[in-house]
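Novice: Sequence first, predicted model second:
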Protein chains: 2
Amino acid sequence: MADINSKLEIGVTTGPIRGSKKIYVPAQANPAVKVAMREIYLEPSSGEPPVRVYDTSGPYTDPDAVIDIQAGLQPLRREWQLARGDVEEYDPREVKPEDNGQLGPDRSGGVPPFPTALRRPLRAKAGKNLSQMHYARQGIITPEMEYVAERENLGRARLAEYNRSGESFGASIPDYVTPEFVRDEVARGRAIIPSNVNHPESEPMAIGRNFLVKVNANIGNSAVASDVAAEVDKMVWSIRWGADTVMDLSTGRNIHDTREWIIRNSPVPIGTVPIYQALEKVGGIAEDLTWEIFRDTLIEQAEQGVDYFTIHAGVRLPYVPLAAKRMTGIVSRGGSIMAKWCLAHHKESFLYEHFDDITEIMKAYDIAYSLGDGLRPGSIYDANDEAQFAELYTLGELTKKAWEQDVQVMIEGPGHVPMHKIKENMEKQLQSCGEAPFYTLGPLTTDIAPGYDHITSGIGAAQIGWYGTAMLCYVTPKEHLGLPDRDDVKVGVVTYKLAAHAADLAKGHPAAQVRDDALSKARFEFRWRDQFNLSLDPDTAEQYHDQTLPAEGAKTAHFCSMCGPKFCSMKISQEVRDFAAKQNQPSTGFLAAAEAEAGMEEMSKVYKDKGNELYLPAEETTDPAE
Amino acid sequence: MADINSKLEIGVTTGPIRGSKKIYVPAQANPAVKVAMREIYLEPSSGEPPVRVYDTSGPYTDPDAVIDIQAGLQPLRREWQLARGDVEEYDPREVKPEDNGQLGPDRSGGVPPFPTALRRPLRAKAGKNLSQMHYARQGIITPEMEYVAERENLGRARLAEYNRSGESFGASIPDYVTPEFVRDEVARGRAIIPSNVNHPESEPMAIGRNFLVKVNANIGNSAVASDVAAEVDKMVWSIRWGADTVMDLSTGRNIHDTREWIIRNSPVPIGTVPIYQALEKVGGIAEDLTWEIFRDTLIEQAEQGVDYFTIHAGVRLPYVPLAAKRMTGIVSRGGSIMAKWCLAHHKESFLYEHFDDITEIMKAYDIAYSLGDGLRPGSIYDANDEAQFAELYTLGELTKKAWEQDVQVMIEGPGHVPMHKIKENMEKQLQSCGEAPFYTLGPLTTDIAPGYDHITSGIGAAQIGWYGTAMLCYVTPKEHLGLPDRDDVKVGVVTYKLAAHAADLAKGHPAAQVRDDALSKARFEFRWRDQFNLSLDPDTAEQYHDQTLPAEGAKTAHFCSMCGPKFCSMKISQEVRDFAAKQNQPSTGFLAAAEAEAGMEEMSKVYKDKGNELYLPAEETTDPAE
């Protein structure tokens, strides 16, 4: 256990993602706004320009950036915030021992506080409202909106050649995202830009059904010091692979300090579930929770810079008995805490009763609501039941209350839902919550695959993303079984990125197919390195390839281990293409065949020259039966 | 390289799947037919009967079975076949050196032939037709159909308590499967029972949209002897985890012998792509293929017992140029071979021209057609194009021709298809092919995730299975990158089993939800071992659990590592349920709260007595944000 006074050693993964370079693109509307993206370079033989992709990894993948975990990231948005003239600095709430679970004099097991001098947080001046929704409704296009517009348009200029197809189920995805479009979406409540004024390090991003589908990764601290380092590392690791936001679901001790380390080093919005920390403050006894303790926790986290709060204000007293007849009751921790509180006191939820008070806090810092689905189903059996939808209607009612004060809202969704019941969730959510962004966990489409729940839920996530969900909360292979480690975090993020991408394609997002096309073209042309680099996880792709064909030459070989040189269908296809081109000159057809054969013989010779070691004659394949 | 005359050592995994027992259930319609199933036993505290699940693992999971790879499995169906009086034994075609790729005197690299004395194969007597479809159309219910009916009804007697829900898109899934229903489905061509008369070792199974969705695993030999052992091992390994059929996609040398080892030891139907072996016989030169060589290969494989043949008879000369404008051309190996043949000769495909001749062979052995989709799309860009659907219409035409001779047919499908274009594939297939079973590879819903293509395709597989696909061809993590190893085979099978199950649930299959409910109930009641045992992969589930809570006591603990004892939402739910039950006696509400608290304190004491080692206070979780 580290000494609380010793320096915390935190190592994170830095450096470019294989085959790509971090770039900063000046926003067309405002060149002073430089938008982080990543360019994947293709082999010169391709004759193709680099492929621009959305990048969530922050400065960690920029070799020119100086990364100092002890100092945190640069405050990208601070100037924009101050320029608006509606904020004030003030002396923060004092950090109390119980914020870190240190109820007695024993501070062993504590972690060193984040080392920079105490900041003076910002908040709205009296009578002001810092929310992006508020600006949007005033007709103001913020730099955050300009950033988002450019970010969502990745390489869009090159898109003239692509046809849009897709079924978007009533979404309104534009051909091109303008800052005005972003403003309008935020003003309507159809998108949010989570951006606590005290998290100026974050790069603006939007969550909404008319933008690219986003992915959230959950992490959280443990009680021993070394794990704070592990959690910061996991945060950086998760955004490297594409997490658009990160939730810090820490419980136990050191909650406050852990969060500070994470936020100061995070270029993506951070979400939390404040009731977790509030519960720690009352020794884990749900009945002892009070509005005052909860409110104090909100202020504490608001000052640190949390960008969105999960608030389970929809778990109302009358709904709790509805869950009693379920197979798996209440599986949401926050939901069960509130249910217990309601029943113990025989009173309406203090979150519901004080909702407007919470909203006052949210707008003073621009924290977005993530209205929690405390009564979501925890099994296929319980999917789409009365308890679940009763809560959803209440979340809709609360959405309207938050919007009355111009506060940004998204809505959390299930859970465990069989495929045929997924669409109803989306439709009811759109209806009840006025198109506020939906943010769903999975859903898991079966209960029978513990150890593979990233996949059971990835199936549901892709579908609900297609139907209109704006952000997908990842599930790792350890779901239901244990704590995800670093590898699990990566598998969870990559699985959800591909599910989100499948949804973008199906919705007909005009920028989505660029990367698929580039990769498929590379595949057809045997540009192996381009194939790896264009994939969501270049390291794993190359490693798998090298398990059977490790030789360097195989990276440029015009065949692969699945078929070997003689059988390659892609190679034969190229010959077919050549044949077809000559079809109008029938007399040359046979000549072409002879030429192709000669080409194959030549290749065969090349391979023999290499000592036959590359020859793996198509023993087996997962390729389709043909 | 093994000496061809030495005994081949083959090790396979045997023994029960954790927590379950192999059982043989007498078919209700015919108690002489004993149907293999598996029963998962639950903890006595559950008060629940064992859960019966579909079992594809054959005798390998039966501790009482004597497994001798050198002798092969018992011929389960031989008596039934002989009893029908329509077969004759005959002297088989002689095995030629070129059947194993041994073109010269050099037999090094060969594998020992399967050691049992040469069998005399069976075939139909002159004028007879052995296909299950033929019997079905005569009104005959075969023991194979009785077996299938019982197999599909797993535990169905217990289903009175379950509500069916689901959207089956026009399927006709009955509440209860009778042998007559099976006969009718086979007679209509809506289901097939692949059952080559020379593969009597196979346990009857049905592929059809009104039955449980099935999964195929691809394996195949390599050129060195030791790999034959590896392929037999992979076959046994794949069926242990749920593969309903296995395709032997061997190429290179030793194709004949490898196949013999696999078939003689396989309790599931085996499929092949005969053109692969035919191509080997002509030295890999597609243009040199002839109908005679192909026909001879069909007879060779028919005599060995292959249950279904992939035949790419839909790749017609006029369709080939349609593929020339594609991004990724022809990605099917069989398809590209035939395309090359057609173009080189400027002639119509000999498979198409000789289709009726092929059908004559099929009906003499009861081999089912798996009409190959040689022009399936290999990229998102190429999905649902003219080439693909032109071929599909031809497959429909060929289906009708096969049905005229009462031969069983299924249709292979894509490929790479974005989600919004999947349904069109299913609808066009149902329309064109008269509801013949669809058998699809994935489809992959994006191109950008090499290394994770079991997941990108699992998403598409679950969907197309829901829409009506009868069998899903697995994809492993190595797809597009290399040869799957044993671990990849398992991941591929489990992923596809969960996708198939998600489809069964969504279609409203009346038996499907039993296992989900049993697992969810076990989860809610903290029966950890039951949770593991009920899952598709008990070994991985337990291993993941033990990574954070290895202590034996944690298997019975009423909490888990995600939340720890204080925070457990499932535990709180149980308390909520108790509360709700007492709601009509308001005065006892607070008393109950006190009781619950006392219970938690007691549990807390238990944990302290264990030295606190189990206390992992909810540091992090992949659980949803709440």
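Specialist: Great, that's in hand.
Novice: Which helix or strand contains the residue in the stretch 251-400 of chain A positioned nearest to chain B?
Specialist: Going by CB to the nearest CB, chain B is nearest to A:G329 of the stretch 251-400 of chain A, at 2.7 Å. Quick note: C-beta positions are derived from backbone N, CA and C, even for glycine. Element membership for A:G329 (DSSP states H and E) is empty, with no helix or strand holding it.
Novice: any idea where the helices of the stretch 401-550 of chain A begin and end?
Specialist: Taking DSSP state H, counting those that start in this stretch as the test, the helices found in the stretch 401-550 of chain A are A:422-432, A:453-467, A:486-507, A:513-524, A:528-534, A:538-548.
Novice: if we compare those helices, which one ends up closest to A:Q277?
Specialist: Of all the helices of the stretch 401-550 of chain A, helix A:486-507 sits nearest to A:Q277, with 22.0 Å by CB to CB.
Novice: from the chain's centre, how far out does the closest one sit?
Specialist: Chain-centre distance of helix A:486-507: 9 Å, with CA atoms, centre = their mean, to the nearest Å.
Novice: What are the buried residues along it?
Specialist: Neighbour counts over helix A:486-507 (16 or more other CB atoms under 10 Å in any protein chain shown) mark A:488-507 as buried.
Novice: and those residues near chain B, which?
Specialist: Among the buried residues of helix A:486-507, the ones lying near chain B by CB under 8 Å from any CB of the partner chain are A:488, A:492, A:494-495, A:497-499, A:501-503, A:505-507.
Novice: and of these, the nearest to A:T13?
Specialist: Nearest to A:T13, judged by CB to CB, of those is A:V494 at 14.7 Å.
Novice: dump the residue contacts of that closest one.
Specialist: Counting by CB atoms under 8 Å, 6 or more residues apart in numbering or on different chains, A:V494 makes contact with A:W241, A:G242, A:L536, A:D537, B:A449, B:Y452.
Novice: Of those - the most surrounded one?
Specialist: Neighbours here mean other CB atoms under 10 Å in any protein chain shown. Within these, the largest count is held by B:A449, at 30 neighbours.
Novice: Can you give me the distance of that residue to B:T14?
Specialist: Using CB to CB, to the nearest Å, B:A449 is found at 35 Å from B:T14.
Novice: Same question for A:Q463.
Specialist: 39 Å.
Novice: Please apply the same query to A:I141.
Specialist: Using CB to CB, A:I141 is found at 68 Å from B:T14.
Novice: Comparing these two, which residue is more hemmed in?
Specialist: Each of A:I141 and B:T14 has its neighbours counted (other CB under 10 Å); A:I141 has more, 19 against 15.
Novice: would the more buried one count as being in a helix?
Specialist: No. Counting by DSSP: H, G, I helix; E, B strand; the rest coil, A:I141 is not found in a helix; it is coil.
Novice: ok, now which ones touch it?
Specialist: By CB under 8 Å, 6+ apart, the neighbours of A:I141 are A:A29, A:P179, A:E180, A:V182, A:R183.
Novice: What strands line up against the host helix or strand of A:R52, and which way round?
Specialist: Element membership of A:R52, judged by DSSP H and E, is strand A:51-54. According to DSSP bridges, strand A:51-54 forms sheet pairs with strand A:34-40 (antiparallel).
Novice: can you list contacts of the partner strand?
Specialist: A:17, A:19-27, A:50-55, A:57-58, A:61, A:147, A:150-151, A:154, A:203, A:267, A:518, A:533-534.
Novice: Pull out the buried residues from those.
Specialist: A:17, A:19-20, A:22, A:25, A:27, A:50-55, A:57-58, A:61, A:147, A:150-151, A:154, A:203, A:267, A:518, A:533-534.
Novice: number of nearby residues for A:E89?
Specialist: Other residues near A:E89 come to 11 when the count uses other CB under 10 Å.
Novice: was I right about it contacting A:P121?
Specialist: Yes. Between A:E89 and A:P121 there is a contact under CB atoms under 8 Å: 7.2 Å.
Novice: so where's chain A uncertain?
Specialist: Along chain A, segments meeting pLDDT under 70 span A:1-6, A:103-109, A:117-118, A:155-163, A:222-226, A:550-571, A:579-580, A:582-626.
Novice: just to confirm, which helix or strand has the residue of the stretch 451-600 of chain A at minimum distance from chain B in it?
Specialist: Residue of the stretch 451-600 of chain A nearest chain B, by CB to the nearest CB: A:S573 (2.7 Å). Assigned by DSSP H and E, A:S573 belongs to helix A:569-581.
Novice: Next: A:L42.
Specialist: Per DSSP H and E: A:L42 is located in neither a helix nor a strand.
Novice: And the closest residue to A:K400 other than its chain neighbours, how close does it get to A:I411?
Specialist: Spatial nearest neighbour of A:K400, chain neighbours left out: A:G434 (6.8 Å); criterion: CB to CB, 6 or more residues apart in numbering or on different chains. As for A:G434, its distance to A:I411 is 10 Å (criterion: CB to CB).
Novice: got it, and A:Y308?
Specialist: Per CB to CB, A:Y308 is found 12 Å from A:I411.
Novice: excluding its backbone neighbours, what's nearest A:E43?
Specialist: In this structure, A:E43 finds its nearest non-sequential neighbour in A:R527, 5.1 Å apart by CB to CB, 6+ apart.
Novice: Equivalent analysis for A:F294, please.
Specialist: Nearest residue to A:F294, sequence neighbours excluded (CB to CB, 6+ apart): A:A278, at 4.8 Å.
Novice: show me the contacts for the one you found.
Specialist: Contacts for A:A278 (CB under 8 Å, 6+ apart) come out as A:L289, A:I293, A:F294, A:T297.
Novice: Can you classify it as helix, strand or coil?
Specialist: Assignment for A:A278 (three-state DSSP): helix.
Novice: Could you look up the next helix or strand downstream of the helix or strand that A:E231 is a member of?
Specialist: When elements are assigned from DSSP H and E, A:E231 belongs to helix A:225-240. Per DSSP H and E, the first helix or strand lying C-terminal to helix A:225-240 is strand A:245-248.
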